[in-house]
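Asks: Whatever this is, show me its structure:
(2 chains)
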Amino acid sequence: MNVIDFHAHPMYDFHLPTHGVPITLDRFRTDLEANLISRACGSVIYRDMQNRPLKEYEQIIPLLNDQALACRDILSNFYVPGIHVHPAFVELSCRELARCHAQGVRLIGELVPYMMQWKDYACPGFIEIMEYARDLNMVVNMHPSTPQDMLAFSRAVPGLTIVWAHLSGGGHFEQHLDLLRRFDHVHFDISAHGTDFDCTLRRTIDQVGHERLLFGTDYPGIGPACDLAAVLFEPLTSCEQEAILFKNARRILNLTD
Amino acid sequence: MNQIDSFRIPVVDIDAHPPLCPMSVDHIECIDTAIFFTRLNRAGIDIACGSLTPPPDFLKTHTLEEAVAILNRGAMALSAADSRYLPALRIHPDCPDFSISQLDEYAPLGVRLIDIDGCHLPHPSMKAILTRAQSLNMTVSLYGESITQAKELAEQFPDLRILMGGLGSLRYMPDRAFSLMQTYPNLFLNLSGTVWTYNYALHEWAQRFGFDRLFFGSGYPFCNPAGKLAAVRWELRDQPVSVHERIFCKNALGLLGAEGRLQ
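Replies: So this is what the prediction gives:
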């Protein structure tokens, strides 16, 4: 099985002070491959890029995107880069979308507003950027915000392929399920919290089907083994398992084998 | 995947909570003890230890004393009927005398573990309950506690064995837990906390600290047991089989006085 990890972060170093192990790109790949993951998607994040003065993100956003592209150069097919945008810099963000799209990038995020001095997705600047992303047929993966903001943003950009991160995170399982019920263009990745409780996936699929759930680990923030074991433990058909573990990601990102 | 998977080490889950009756757990809506053990076995867990999970609204339909008594009696009955289960007791600080009488009744029958909610620890009557638990040589298993509460408890009751970190509570990072354990030999660590799925934390800290006071727990049915087991196995992937035996089995059976359970 060639599992696709829709939610991972190369260059992540947030827990380095706790455990002292640098997650090099080599380790990034080796650890994930040891857990049957053949492809990892996601944005570059690390300690030094967070909570900087707002104006600095005008420089940081292109830098992070360049780093994602550089990671792809090194990791090749293993890594699907996700890029950053910022609603305080609409023109720059749209330029970044165009620049990276021209280099084959199809994924935005995981976006992490809480690290980058912004908060709500349902704001005019971000909606403008995402309308452009929709025109480019890009996919956006976003850290969840409040249920109200998630609802407002999901409604604001119909037709955009939205993947909210962390199904059931923050104790908001029912609200997340409600979003999936209301909007066909809304998806969730299951990283970090989607399998905290036994049968969360079964309950979700029973209500909204299996085509909008994507496997993710949030590695290296979270260990790479638990989510896969938890998915395999859920009472799912092999068709449902395969959809979550790789087919849905392959479909929305237009990935070939 | 993890080569340790191929070693068949019996797995004792020190933090698993069978239902008192069907319909016990909101998360999974309908579960009975047969389903409970079937799911645990499917996850690779052989023995479960923990107090029983009451049905929803149980405390609305019973007095505290009734609730504590029914849960503890149920745990003993299940233990007698099913060799895959080791009982743990419930107490409640709002009925301290009755809680103490439960310890007095069940400790001589071999019950070693008491589950305690961290939010109950500040209650004035907890001192009497914990004093009796200490004198009966029992272990308290905490869930939802803060690191400060664990520290204060370890100081106040130096001869009481205290198992921290139950029910997957994400309250403190492993480096803090290990530092505390180096100071207080009566502190033990339940690995069910979701913090342990943080990559490389257990992998690095356990090597420096040692493995004799670490215990596998899943927090089932509140947490996914297969995910927890895989997470801990992954973190211990570079350790020899003897370490896996300790964390997944021998430490728990020793603490609970149940070394003969797997023979």
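
Asks: and the helix ranked longest in chain A, which residues are buried?
Replies: In chain A, ranked by residue count with DSSP state H as the criterion, the top helix is helix A:57-75. Residues A:Y57, A:I60, A:I61, A:P62, A:L64, A:N65, A:Q67, A:A68, A:L69, A:C71, A:R72, A:L75 are the ones in helix A:57-75 that count as buried (16 or more other Cβ atoms under 10 Å in any protein chain shown). In this view, the C-beta of every residue, glycine as well, is placed from N, C-alpha and C.

Asks: sec struct for the closest residue to the first one other than its chain neighbours, please.
Replies: When you say that, I think you mean A:Y57. Computed as Cβ to Cβ, 6 or more residues apart in numbering or on different chains, the closest residue to A:Y57 that is not its neighbour in sequence is A:H86, at 5.0 Å. Using DSSP: H, G, I helix; E, B strand; the rest coil, the structure places A:H86 in coil.

Asks: tell me, how many neighbours does A:H86 end up with?
Replies: Summarising burial for A:H86: neighbours were counted as other Cβ atoms under 10 Å in any protein chain shown, giving 22.

Asks: swap in the one 5 residues further on?
Replies: Residue neighbour count, defined by other Cβ under 10 Å, stands at 10 for A:E91.

Asks: again, but for the one 4 residues further on
Replies: The number of residues packed around A:R95, counting by other Cβ under 10 Å, is 15.

Asks: A:L64 versus that one, what's the distance?
Replies: From A:R95 across to A:L64, the span is 14 Å (Cβ to Cβ, to the nearest Å).

Asks: could you give the mean pLDDT of the top helix by length along chain B?
Replies: Residue-count comparison of every helix in chain B, with assignments taken from DSSP H, identifies helix B:64-81 as the longest. In this model, helix B:64-81 has an average pLDDT of 93.

Asks: and if you look at stretch B:154-167?
Replies: Stretch B:154-167 shows a mean pLDDT of 93.

Asks: and stretch B:82-102, which residues are buried?
Replies: Of the residues in stretch B:82-102, B:84-93, B:95-96, B:98-100, B:102 count as buried by neighbour count, 16+ other Cβ under 10 Å.

Asks: per-residue confidence at B:D5?
Replies: In this model, B:D5 is scored at 54, pLDDT.

Asks: In a helix, B:N251, correct?
Replies: Yes: secondary structure assignment places B:N251 in a helix (three-state DSSP).

Asks: ok, the closest residue in space to it that isn't next to it in sequence - contacts?
Replies: Taking Cβ to Cβ, 6+ apart as the measure, B:N251 lies nearest to B:F215, with 5.4 Å between them; neighbours along the chain are not counted. Taking Cβ atoms under 8 Å, 6 or more residues apart in numbering or on different chains as the contact definition, B:F215 lies against B:I14, B:D15, B:L163, B:F188, B:L189, B:N190, B:L191, B:I247, B:N251, B:A252, B:L255.

Asks: what about the fifth one, which SS state?
Replies: On the three-state scheme (three-state DSSP), B:L189 is labelled strand.

Asks: check contacts around it.
Replies: Counting by Cβ under 8 Å, 6+ apart, B:L189 touches B:L163, B:M164, B:G165, B:A177, B:F178, B:M181, B:R213, B:L214, B:F215.

Asks: if we go to 6 Å?
Replies: Listed by Cβ atoms under 6 Å, 6 or more residues apart in numbering or on different chains, the contact set of B:L189 reads B:M164, B:G165, B:A177, B:L214.

Asks: Return the entry from these with the maximum number of neighbours.
Replies: Across the contacts of B:L189, neighbour numbers were computed from other Cβ under 10 Å; B:G165 holds the maximum, 31 neighbours.
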